[in-house]
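S.K.: mind looking at a prediction? Sequence and model below.
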Amino acid sequence: MSKENKNNDTQDQILTKEYEAYKTLQNWVKTVPGTIRQLEEKGDMDQLIKYKKQVKLVLHKLEEIKLELENGK
């Protein structure tokens with residue numbers, strides 16, 4: 001296998017992993033409204049604040065992965 005083919009295979013593996021990470025995070029984000037609602041009902045404001053910060057970080061990471069996937073094609 002030539003060096004170029006190995007590089008293409010490695011690039012394809014990286015894109016596959018990025019896509020899988022993107023889908024996992026995307027599925028997690030779908031659970032956010034329900035979790036926020038539960039935390040609000042419990043009245044646990046500290047947990048709610050921490051969770052919202054975590055959501056922001058995940059959304060930022062989703063954007064990064066999306067750009068990587070778009071640029072990698």
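M.R.: Arrived safely, thanks for sending.
S.K.: which residue is the nearest non-sequential neighbour of the spatially most central residue of the chain?
M.R.: Central residue of the chain (CA atoms, centre = their mean): Leu25, 3.4 Å from the mean position. Distances taken as CB to CB, 6 or more residues apart in numbering put Leu62 closest to Leu25, at 5.1 Å, once the chain neighbours are dropped. Just so you know, the C-beta spots here come from the backbone N, C-alpha and C atoms, and that holds for glycine as well.
S.K.: pull the contacting residues for that neighbour.
M.R.: Listed by CB atoms under 8 Å, 6 or more residues apart in numbering, the contact partners of Leu62 are Tyr22, Leu25, Gln26, Val29.
S.K.: do that again at 7 Å, thanks
M.R.: Taking CB atoms under 7 Å, 6 or more residues apart in numbering as the contact definition, Leu62 lies against Tyr22, Leu25, Gln26.
S.K.: nearest to Asp44, of those?
M.R.: Leu25 (23.7 Å; CB to CB).
S.K.: now the closest one: which helix or strand?
M.R.: helix 3-30 (DSSP states H and E).
S.K.: need the contact partners of the helix or strand following that helix.
M.R.: The helix or strand immediately downstream of helix 3-30 is helix 32-42, counting by DSSP H and E. Residues from elsewhere that reach helix 32-42 (CB under 7 Å, 6+ apart): Gln47, Leu48, Tyr51, Val55.
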